[in-house]
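[1] Sequence isn't available, so here's the structure alone:
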């Protein structure tokens, strides 16, 4: 992998890992209005930015992973503050299965990740996967742990499962893209990065990474002539 590609990958992966390692708590909006689930969903499309922010804040308390679909468009909002809240909201929602017992176990796994207990975290997320295989974020957290431990093949396998369950998961898309780029598969890596950038157009350094991948693809083509 080229030095340019290594350089451009680093900020993206740092952000993805930072969110993967924590359950970021949103600050209270400037003017919080209590909303029910339907009102929170409706507020996401409100013309007033603070109403959109409050809708997301309420949704993190009332929604589950399936509600992330409604927040994806706000990752491309005209207001930077809305985009930032949307990013944190998406990650929070991905971590909500809708089952209190599973969510408690999930938080236990996140805590073990944060404490550096790799084996313990893998055990917890594997137990969640066995009980709730459709919960994509359990697969993503385990993929993250495998990546951090250097078990790239296992990480890629889990990334594939995440994307099967949640095709818009830009965290898994970026992580998978890096591993493919490192294995001289820039074509597949570029396709994944383009998907990630389409969901979240403000991914740090994504355009630079895609440009570096295109150069890598062109050099690979030239070397085959």
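    Sure, I can see it. Model, not experiment: these values are computed from the prediction.
[2] burial of the nearest residue to residue 94 once chain neighbours are set aside, as a residue count?
    Distances taken as CB to CB, 6 or more residues apart in numbering place residue 137 nearest to residue 94, at 4.5 Å, with adjacent residues excluded. (Each C-beta comes from the backbone N, C-alpha and C, glycine too.) By other CB atoms under 10 Å, the residues close to residue 137 number 27.
[3] Could you identify the helix or strand that succeeds the helix or strand hosting residue 137?
    Assessed by DSSP states H and E, residue 137 sits inside helix 136-149. Next helix or strand after helix 136-149 toward the C-terminus (DSSP H and E): helix 152-165.
[4] what about residue 105, distance to residue 112?
    11 Å (CB to CB, to the nearest Å).
[5] Kindly report the domain assignment for this structure.
    3-21+134-224, 37-94 (automatic domain parsing).
[6] among those, which is nearest residue 123?
    domain 3-21+134-224 (9.9 Å; CB to CB).
[7] Average pLDDT for that closest one, rounded please.
    Averaged over domain 3-21+134-224, pLDDT sits at 87.
[8] residue nearest the centroid of the protein?
    residue 171 (3.0 Å; CA atoms, centre = their mean).
[9] hang on, isn't that one packed against residue 140?
    Yes. Assessed by CB atoms under 8 Å, residue 171 is found in contact with residue 140 at 6.3 Å.
[10] Spatially nearest residue to residue 73 (excluding sequence neighbours)?
    residue 44 (7.9 Å).
[11] so who does that neighbour touch?
    52, 55, 56, 59, 70, 71, 73, 74 (CB atoms under 8 Å, 6 or more residues apart in numbering).
[12] next one: phi and psi at it?
    Backbone torsions for residue 44, taken as degrees, to the nearest 10, come to phi -60, psi -30.
[13] List the residues that contact residue 129.
    135, 138, 139, 142.
[14] what's the answer for residue 197, then?
    Neighbours of residue 197 in contact, by CB under 8 Å, 6+ apart: 203, 206, 207, 210.
[15] now with 7 Å?
    Counting by CB atoms under 7 Å, 6 or more residues apart in numbering, residue 197 touches 203, 206, 210.
[16] which element is it on?
    Counting by DSSP H and E, residue 197 is part of helix 186-199.
[17] So which bits of that helix are buried?
    Using 16 or more other CB atoms under 10 Å as the test for burial, helix 186-199 gives 186, 189, 190, 192, 193, 195, 196, 197, 199.
[18] which one of those residues sits closest to residue 88?
    residue 199 (15.3 Å).
[19] in terms of contact, does that closest one touch residue 71 like I think?
    No. Counting by CB atoms under 7 Å, residue 199 does not reach residue 71; the two are 10.7 Å apart.
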